[in-house]
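Asks: no sequence on this one, just coordinates:
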């Protein structure tokens, strides 16, 4: 059975609802994959607050949003329409090294990748990180939704909006 990595979006959760989701799935390590680790909608998730809150829950915090974030500062990673070019981003050495680091952590801990977007079919957790972790490294990604339901990538793949988003983001064969 392949290794599992959870994903979650902090969305507009309260700390209480968010931490309950982490506990329900026995998360041991949270990897922050946001380019900018701040939120005005979920202040608990700000990088100055979140590590301390997680520590109280015995959950480790690691920030990898620089190389794994979905909104790079470098304009060369955007297409003519201003959308991130995930294929180009995945080709970068820093991205591959950070994915390897996340994969290594997931082999020894129950890991969740966190971003802000609640819906994984609209988020770089699935569109950028998914192919690098699932297809290239054999991980099984499970996406924690606000309700506590866990959705597989396969199930998301049947959603129309995911099909529209994923076009052009998969590695060339």
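Replies: Perfect, thanks for sending it. What you see is a predicted model, and the numbers here were worked out from it, not measured in a lab.
Asks: Averaged pLDDT, the longest helix along the chain. What do you get?
Replies: Taking DSSP state H as the criterion, the chain has its longest helix at helix 93-108. If you average the pLDDT over helix 93-108, you get 96.
Asks: how far does that helix sit from the chain's center?
Replies: Chain-centre distance of helix 93-108: 13 Å, with Cα atoms, centre = their mean, to the nearest Å.
Asks: Can you tell me what sits against it?
Replies: Under the criterion Cβ atoms under 8 Å, 6 or more residues apart in numbering, residues 3-5, 29, 31, 62, 64, 66-68, 89-90, 111, 113, 129, 132-133, 136-137, 139 lie in contact with helix 93-108. In this view, the C-beta of every residue, glycine as well, is placed from N, C-alpha and C.
Asks: Report the buried residues of it.
Replies: 95, 98-99, 102-103, 105-106 (16 or more other Cβ atoms under 10 Å).
Asks: that older thread, what about the contacts of helix 93-108, which are in strands?
Replies: Residues from the contacts of helix 93-108 lying in strands, with DSSP state E as the criterion: 4-5, 29, 31, 62, 111, 113.
Asks: Show me the two of these that sit farthest apart.
Replies: Across the ones in strands among the contacts of helix 93-108, the longest distance by Cβ to Cβ is 17.2 Å; it joins 4 and 62.
Asks: hang on, the earlier thing: of the ones in strands among the contacts of helix 93-108 - the most surrounded one?
Replies: residue 113 (28 neighbours; other Cβ atoms under 10 Å).
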